[in-house]
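# coordinates only, sequence not included:
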């Protein structure tokens, strides 16, 4: 029986790519390698565990090679899959890269949907896209009057890197913060500059009362609009729930 | 203000209430079709796929701040709640109020932009001037770069429509009824040629602007997201065949991006208007949307789906399944070799499934397990497909048997899902075509191949 190699790496694109680099360099045979991303689960007796220290230089090399050999579009899809919350994403990414590098036309790798690992990366990437598309619409900013717009979200996947560029393009002259309650991380955007990711373990914007009244008024206007735009004869709460799942509503102005 | 029932001194909240309530029957709440990046200064951008920001209790998408400029209307359209002789509360926005609302809603990410329509206030041209002034202010003074959809008012000065076209992303003129006769009877102040004239003008403007942009990359774009229209279904006694033929003609002859269908809702009592005992014909509207998708993305023609002899859809079946049952000799289809166009005609296989099949089979032979894994829903498709010459289970290509299988009666109430019209495409959606939904994604999406 061949030895299973488990590479334990940090839950980030850099972490996963470092593991890909080390996995390659170790010559274990791609089919023997598994990636374990983030917290260590129960150990398996017949596998050997290797701890991977994230190394930006190695990750950069992997990322450049992927861009060159597989193309920007496939790179984007792999990077998006890396934001997934699913534990098997590391292995799927590793094997997809291996598959792509073994092909003469690497840029077609995401078309090989008959390969279970490629198919998995494809599915993960689509699921991250779906959630970030949802949040680009469903996320709500509140103006607490300090010149900063605040939004709170609780996504399953780590969508901040996927949605922040959209809001930076859309609201370039605003200071805004999008806080991921589950991961206690925030995307922070100072007006006129680039956004960045920060650890933020609490969501406590302060509010001054004068602007608070103005904010209430706008929220009230919005809630009124959402009520009056509905056609009573077509009432269909099932369809509404299908299109706008309940887990998002807790953070939305129009669902008090 | 003209009419006696108009009240002065409404609060903004009351105005918004009245004028969004009055706009709710307009269907086209989509924000797709144009991609425009932010410019680092103003507020806003547009994404080609469009974004849904919320869903109201009727399950329809809220993407735009959809309001009338005013519901003071001099017209007497029989079916309309705002017709001049109805006793309803009236209100009128000011350009300033609309700009402020749009900006404040937009920066909180409530909306994708503004949808501005209006009752006919004093005259079509006067109404159009108010709309123009609002949009001009929003674009030029407020630096708003989000999505704007405006109604062109039939009969308004064509120069105004021209100027507005350079500020708006989408313009639309409602056809109201598929037949000129229906229009004459139910909307006495409108006529067909008055509606088609600005439609043609916008089409020509778009063509000219496209040429300009090809020559000079930064030339201003005229109605970049295209034009759309809307028809009321079930009020004037027209057949599905008439409706689909009109839609086809609009897509081909007028270059329309979308035709929307709106199940007739009885808001007025009038001897000319039908009384529909079953309530608004939501299921029929749903079937029309499915057929509309078949015209635009599946390579079907109206004449293939319906005919003079059989002018209406079988309400129990989706139009594609209906077509397949009439053409069982074309099935089963071999997944590994069939042309893309034929894959598209398999019930249960949508545009994205067909594209994935085509993409995947370049690299190897596809079997049913692989189809399942990469997200092709086989519930209905498996009755029409072969993989390497083998079916997933014994096939029975018999009309009677398959009708029972594909019919949506009893399995679920499709009327419940009838309102998919406002659905916008989410690019990476899995589970492409679910039964009874026919893949009703919004039109102008980026192709993922």
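Looks like it arrived, so ask away. If you're wondering where the values come from, they're calculated on a predicted model, not measured in any experiment.

# Quick check, pLDDT for the nearest residue to residue A:51 once chain neighbours are set aside.
Nearest in space to residue A:51, with sequence neighbours left out and distances taken as C-beta to C-beta, 6 or more residues apart in numbering or on different chains, is residue A:8 at 5.3 Å. Every residue, glycine included, has its C-beta placed from N, CA and C. On the pLDDT scale, residue A:8 is placed at 94.

# Helix, strand or coil: sort out residue A:8 for me.
Assigned with DSSP: H, G, I helix; E, B strand; the rest coil, residue A:8 falls in the strand class.

# what's residue B:70 sitting at in phi/psi?
Per-residue torsions, residue B:70: phi -150, psi 150 (degrees, to the nearest 10).

# bridging residues for it?
When bridges are called by DSSP bridges, residue B:70 pairs up with residue B:92.

# so what pLDDT did it get?
pLDDT recorded at residue B:70 is 96.

# Over to residue B:246?
pLDDT recorded at residue B:246 is 95.

# Hmm, residue B:175 and it touching each other?
Yes. If you go by C-beta atoms under 8 Å, residue B:246 and residue B:175 touch, sitting 7.4 Å apart.

# Kindly report the residues of the stretch 1-150 of chain A close to chain B.
For the stretch 1-150 of chain A, the residues in contact with chain B (C-beta under 8 Å from any C-beta of the partner chain) are A:108, A:111-114, A:116, A:119, A:122-123, A:125-127, A:129-130, A:133-134, A:136-143, A:149.

# Got the domain ranges for the chain?
Just so you know, I chose chain A. A:4-130, A:139-249 (automatic domain parsing).

# I was thinking of chain B, sorry if that wasn't clear
What automatic domain parsing lists as the domains of chain B is B:12-305, B:327-410.

# So stretch B:101-114, near chain A or not?
Yes. Judged by C-beta under 8 Å from any C-beta, stretch B:101-114 and chain A are in contact via B:101, B:104-105, B:107-110, B:112.

# For these, pick the one with the most neighbours.
In terms of neighbours by other C-beta atoms under 10 Å in any protein chain shown, the residues of stretch B:101-114 next to chain A top out with residue B:112 at 33 neighbours.

# for the closest residue to that one other than its chain neighbours, what are its contacts?
Nearest residue to residue B:112 in three dimensions, chain neighbours excluded: residue B:31, at 3.8 Å (C-beta to C-beta, 6+ apart). Contacts for residue B:31 were tallied using C-beta atoms under 8 Å, 6 or more residues apart in numbering or on different chains; they are B:46, B:50-51, B:63-64, B:112-113, B:147, B:149, B:424.

# same question, residue B:102
Counting by C-beta under 8 Å, 6+ apart, residue B:102 has contacts B:65, B:111, B:113-114, B:138, B:142, B:144, B:146.

# What average pLDDT does the helix or strand hosting it get?
Counting by DSSP states H and E, the element that carries residue B:102 is helix B:95-107. Here helix B:95-107 scores 96 as its mean pLDDT.

# in the chain, what spans have low per-residue confidence?
As the question left the chain open, I've gone with chain A. In the predicted model, chain A carries pLDDT under 70 at residues A:1-2, A:40-41, A:206-210.

# if you could check chain B rather than the one you did, that'd help
Applying pLDDT under 70 to chain B picks out residues B:1-8, B:409-449.

# ok, now with 50
For chain B, the stretches with pLDDT under 50 are B:1-6, B:410-449.

# so where do the strands sit in it?
Ranges of strands in chain B, per DSSP state E, are B:54-55, B:61-62, B:64-68, B:113-117, B:147-151, B:170-172, B:227-233, B:258-263, B:333-334, B:385-386.

# now swap in the stretch 1-150 of chain A and tell me
Ranges of strands within the stretch 1-150 of chain A are A:4-9, A:33-37, A:47-51, A:142-143, A:148-153, based on DSSP state E, counting those that start in this stretch.

# And the third one, what's buried?
Residues residue A:50 are the ones in strand A:47-51 that count as buried (16 or more other C-beta atoms under 10 Å in any protein chain shown).

# Out of the domains of chain B, which is the most enclosed?
Ranked by mean neighbour count, the domains of chain B are led by domain B:12-305 with a mean of 20 (mean count of other C-beta atoms under 10 Å in any protein chain shown).

# For residue A:166, pull up the helix or strand it's in.
Residue A:166 belongs to helix A:160-170 when assigned by DSSP H and E.

# name the helices or strands packed onto the helix or strand that that helix is followed by?
Downstream of helix A:160-170, the first helix or strand assigned by DSSP H and E is strand A:175-180. The elements that strand A:175-180 packs onto, with contact taken as 3 or more C-beta pairs under 8 Å, 6 or more residues apart in numbering or on different chains; DSSP states H and E, are strand A:148-153, helix A:160-170, strand A:185-189.
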